[in-house]
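J.: from the sequence below, what's the structure:
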Amino acid sequence: MNPGVIGAGVMGLGIVRSLLRGGFVTHVRDVDPAREALAHARGARIAGAPAELGAHADVIFIVVLDAAQIDDVLEGPGGLMPVLGPGKTVLVNSTIAPGDTERFAARVCSTGAAFVDAPISGGPARAEAGTMSMMLAAPDAVLAAVDPMLRAVSDKRFVIGTRAGDAARAKLVNNLMAGIHLIAGAEAMALAMRLGLDPRQMSELIRVSSGQSWMFDDRMPRALAGDFEPRAQAHVLTNDLTLANAAAADAGVELPLGAVARDLLRATCDAGWRNEDDAAALKYYARRFGVHMPG
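T.: Below you'll find the model as predicted:
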C-alpha cells in the first residue's frame, strides 16, 4: 500500500519524512507550493489536487488545520470524495470537534472506504522522528491493515476504541491539559521576573522540581531565548481550548481552568501574536505584569 499526506505543515511534513524513512512511496498535496517543495526535496511525489493524490494513494493522512479545510479536501474542487471507495483508508489527524469527526467518518464510509479517527500530539520534532503520540479510533481490522504505516509515524499509539469521535475527544482532553500547563508556566515565569528573580535560573529550577511539565520544558526555554518561531501557532491552541470547552458544555459541565486558559490565549492572539508560537503567552504575561522579557 502507498500512503498520501494532505497537508505538509509542521506536523504533516514530519509524517511525510517518517513514511519515506520507512520505505513507503509517499504522495503529498499542500496548498502552499513551498511546503510541497520541501516534501519533494525529501523524495515525496507531489499531487496537483486531493483527487489526484487519492488516485495514487491507498492510505490518506489528512493533516490540515480545521474542519473547514477537511470539508474542502473532501468535497472542494478536486476533492477526494469521487476517488474514495473500497480499498481506500482515510485518517484524519487534525484536532477537530468530535461531531465533525463523526460527520467526516459517515461521509467517507458511505463510499465504501475505511475511516480512522487519528489525532496526533508531540510537536514537529517528534513527528519527524516518528515518535509522536497518536490516538486512534476505528475497527480493529481497519487498524490492523494500516498498522505498518502507523508504526512508521508514531511509537506511542493509543487505541481509544472503535467509535469515530472518541480519539478526537481524547485529544481535546490532552490539549486542555497542555493549554492549562502553558498558561501556568507563563504566569509563573512572569511572576518570577516581577519578583526580581533570574528567569533562566527559575526555568532550570522548575524543570527539575515539582512544577515541571512537558509544556513548560518545551515552551519556556524557547520563550526566554526570544525564539517564537511557530512550532504550534498561538491561534491553534486557542482553537483547541475553544473546542475542549465546547465539548465540556455538550457534556453538561464547565471547565473553570480551561475557560481561563482559553481566554488568556485569546488575549495573547489579540495582542498581535496569534501567528507566533504559543510560547508567546509569556510575552502577554510580561506586558501585563510590566516586566521586560530577557534580552
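J.: what pLDDT does the residue sitting furthest away from the middle of the chain get?
T.: Outermost residue of the chain with respect to the C-alpha centroid, by Cα atoms, centre = their mean, is Gly196; its distance is 35.8 Å. Looking at Gly196, its pLDDT stands at 98.
J.: adjust the sequence numbering to begin at 54 for everything that follows.
T.: Sure, I'll start counting at 54 from here, so that last one is Gly249.
J.: for Glu257, see how far away it is.
T.: Spatial separation of Gly249 from Glu257 under the definition Cβ to Cβ, to the nearest Å is 17 Å. No exception for glycine: its C-beta is placed from N, CA and C like everyone else's.
J.: element containing the residue farthest from the centre of the chain?
T.: Gly249 is located outside every helix and strand, with elements delineated by DSSP states H and E.
J.: what residues are up against it?
T.: Applying Cβ atoms under 8 Å, 6 or more residues apart in numbering, one finds that Gly249 lies in contact with no residue.
J.: and the helices in the protein?
T.: All helices of the chain, identified by DSSP state H, fall at 63-74, 86-94, 103-109, 120-128, 151-162, 177-182, 193-206, 219-247, 252-260, 267-277, 287-303, 309-321, 334-342.
J.: need the pLDDT of Gly348.
T.: At Gly348 the predicted local confidence, pLDDT, stands at 71.
J.: and the residue nearest to Thr164 when sequence neighbours are not counted, how far from Val112?
T.: The spatial neighbour of Thr164 that comes closest, neighbours along the chain excluded (Cβ to Cβ, 6 or more residues apart in numbering), is Leu137 at 4.1 Å. Taking Cβ to Cβ as the criterion, Leu137 is separated from Val112 by 12 Å.
J.: do Asp303 as well
T.: For Asp303, the distance to Val112 (Cβ to Cβ) stands at 31 Å.
J.: about what we covered before: so which of the helices of the chain is the most packed in?
T.: Between the helices of the chain, helix 63-74 has the highest mean count of neighbours, a mean of 24, where neighbours are mean count of other Cβ atoms under 10 Å.
J.: mind giving me the domain split of the chain?
T.: Each domain of the chain is listed here as a residue range: 56-217, 222-342, per automatic domain parsing.
J.: could I get the ones you listed as TSV with distance to Gly348?
T.: Formatted as TSV, these follow (distance: least, Cβ to Cβ, whole Å):
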stretch	distance to Gly348
domain 56-217	26
domain 222-342	8
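J.: quick check: longest strand of the chain.
T.: For the chain, the strand that runs over the most residues, judged by DSSP state E, is strand 207-214.
J.: contacts for that strand, please.
T.: Surrounding strand 207-214, the residues in contact under the criterion Cβ under 8 Å, 6+ apart are 170, 173, 175, 183-190, 196, 203-204, 219-220, 222-223.
J.: re earlier: Gly57 is nearest to which of the helices of the chain?
T.: When those are ranked by distance to Gly57, counting by Cβ to Cβ, first place goes to helix 103-109 at 4.3 Å.
J.: can you list the helices and strands that that closest one packs against?
T.: For helix 103-109, the packing partners by 3 or more Cβ pairs under 8 Å, 6 or more residues apart in numbering; DSSP states H and E come out as strand 56-59, strand 80-82.
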